[in-house]
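Peer 1: sequence-free structure coming up:
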Ligand SMILES: O=C(O)C(=O)C[C@]1(C(=O)O)C=C[C@@H](O)C=C1
């Protein structure tokens with residue numbers, strides 16, 4: 001019988017007569033749930049006590065703590081929820097439990113000296129998602145208006161940490177971020193991979209949309225879709241995808257390219273979902289700070305290199321990685337402002353700067369390089385998961 005079939009008069013006579021006093025289930029459940037909630041609160045209290053006692057010992061460590069908490073959460077999940085059995089109706093949603101535990105972890109950590117984390121806002125931008133993925137939703141979140149402002153707040157000490165997009169699988173490097181590493185001494189202390197699903201969000205139906213706004217990177221990740229489906233719409237670049245959602249909420253005929261949560265926040269309809277050109281659209285974010293992160297055995301080291309403008313200089317630098325048997329995970333050239341055909345190179349290899357092969361490579365590079373900044377060694381993040 002379908003759900004709708006049960007609606008007729010026969011269904012009513014089939015049902016047992018209502019008897020509110022004889023429903024032990026209804027009265028027992030709230031007690032049971034309240035008792036479980038009490039246990040959860042007690043466990044949270046105990047967890048917070050342990051974390052806060054530890055925090056007293058080194059109050060300046062935030063990123064390292066969250067990094068270790070995230071790793072421990074992943075291990076607990078692997079142990080307790082080894083595989084999602086979709087046939088099992090009682091199966092706990094692994095990603096949901098992970099978010100929940102991460103929230104608890106950031107809640108327990110709260111209260112130390114300046115724990116603010118800057119990110120490109122407003123809230124519900126992809127940077128916000130990446131920030132809460134690393135620091136948990138109870139972190140002291142500090143939305144700012146640009147990637148530059150994220151760097152500035154960390155350098156000035158207004159925020160302990162910052163989260164910035166660094167590269168995207170469809171569109172490549174995030175130029176605003178790389179430019180900031182050239183001018184600021186800020187370290188990379190962690191990384192986050194975030195799957196990016198863009199939506200066309202508006203108060204108007206697609207045929208009434210005259211203007212589409214978003215951050216340049218988001219527009220670029222959807223450029224084929226936009227050319228095919230909205231060929232005459234005016235494309236307007238704005239500071240972030242959430243800012244685009246805010247603008248679209250104020251003007252009919254305007255759409256934003258943004259995440260679903262940003263659209264919900266501003267009361268927009270999802271005109272089209274998943275409009276990114278590549279179904280595998282992942283952005284890697286860097287967690288900025290001034291902490292030294294201990295080696296975990298699964299680390300990466302990122303550096304900024306400038307070599308002499310002469311034949312073979314870059315090849316010689318690359319040979320150093322080869323000779324130390326170091327696997328490269330990222331290499332990106334970045335023009336040096338004011339110099340013709342001269343470049344900085346962002347290079348990332350597996351290993352921690354305290355590992356002998358990485359330390360040896362750094363020593364050799366120092367002898368050859370015109371500039372070498374070790375941007376940081378940090379645990380390699382898990383591949384992107386929804
Ligand atoms: O505008 C946002 O929501 C951001 O967080 C920025 C940003 C970016 O610049 O790459 C982050 C992830 C996506 O790739 C698109 C936009």
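Peer 2: Arrived safely, thanks for sending. Owing to the predicted nature of the structure, the values given are computational and were not obtained by experimental measurement.
Peer 1: close to the ligand: what parts of the protein are there?
Peer 2: 120, 125-127, 165, 168, 174, 196, 215, 217-218, 240-242, 283 (C-beta under 6 Å from any ligand atom). The way it works is simple: take the backbone N, C-alpha and C, and place the C-beta from them, glycine included.
Peer 1: which elements pack onto the host helix or strand of residue 303?
Peer 2: With elements delineated by DSSP states H and E, residue 303 resides in strand 299-306, which encompasses its position. Applying 3 or more C-beta pairs under 8 Å, 6 or more residues apart in numbering; DSSP states H and E, we find strand 299-306 packed against strand 343-350, helix 356-368, strand 371-379.
Peer 1: now the element after it, going C-ward?
Peer 2: Counting by DSSP H and E, what follows strand 299-306 is helix 313-323.
Peer 1: and that next one, what's buried?
Peer 2: Across helix 313-323, burial judged by 16 or more other C-beta atoms under 10 Å covers 314, 317, 320-321.
Peer 1: which ones are touching the residue most central in space within the chain?
Peer 2: The C-alpha lying nearest the average C-alpha coordinate of the chain belongs to residue 130 (C-alpha atoms, centre = their mean; 1.7 Å). Residue 130 makes contact with 119, 163, 165, 192, 194, 283, 285, according to C-beta atoms under 8 Å, 6 or more residues apart in numbering.
Peer 1: would you turn these into CSV with neighbour count, pLDDT and distance to residue 62?
Peer 2: Shown next, in CSV, are the contacts of residue 130 (neighbours: other C-beta atoms under 10 Å; pLDDT from 0 to 100; distance: C-beta to C-beta, whole Å):
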residue, neighbour count, pLDDT, distance to residue 62
119, 33, 98, 14
163, 30, 98, 12
165, 26, 98, 20
192, 24, 97, 15
194, 25, 96, 20
283, 25, 98, 23
285, 27, 98, 16
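Peer 1: average pLDDT across stretch 324-337?
Peer 2: What stretch 324-337 shows for mean pLDDT is 95.
Peer 1: who touches it?
Peer 2: With C-beta under 8 Å, 6+ apart as the contact definition, stretch 324-337 has outside contacts at 167, 172-173, 178-179, 182, 300, 302, 306, 321, 342-351, 357-358, 360-361, 364, 380.
Peer 1: buried set for that stretch?
Peer 2: Of the residues in stretch 324-337, those with enough neighbours to count as buried (16+ other C-beta under 10 Å) are 324, 326, 332, 334.
Peer 1: shaky segments in this structure?
Peer 2: Per-residue confidence of the chain (counting by pLDDT under 70) places the weak regions at 1-28, 84-90, 384, 386.
Peer 1: which single helix of it contains the most residues?
Peer 2: With DSSP state H applied, the helix covering the greatest number of residues in the chain is identified as helix 24-57.
Peer 1: and the angle for whichever helix or strand comes after that one with helix 24-57?
Peer 2: Scanning forward in sequence from helix 24-57 by DSSP H and E, the next helix or strand is helix 63-80. Per axes from the mean of the first three to the mean of the last three C-alpha atoms, to 10 degrees, the angle that helix 63-80 makes with helix 24-57 is 140 degrees.
Peer 1: next SSE downstream of helix 63-80?
Peer 2: Downstream of helix 63-80, the first helix or strand assigned by DSSP H and E is helix 94-109.
Peer 1: what's that next one packed up against?
Peer 2: Using 3+ C-beta pairs under 8 Å, 6+ apart as the test, helix 94-109 ends up in contact with helix 24-57, helix 63-80, helix 126-135.
Peer 1: deepest of those, which one?
Peer 2: Burial among the helices and strands packed on helix 94-109, expressed as mean neighbours by mean count of other C-beta atoms under 10 Å, is greatest for helix 126-135, which shows a mean of 26.
Peer 1: what lies in contact with whatever helix or strand comes next after that one?
Peer 2: Using DSSP H and E, the helix or strand that follows helix 126-135 towards the C-terminus is strand 141-144. Residues from elsewhere that reach strand 141-144, judged by C-beta under 8 Å, 6+ apart: 116-123, 125, 128, 131-132, 135, 150, 153, 158-159.
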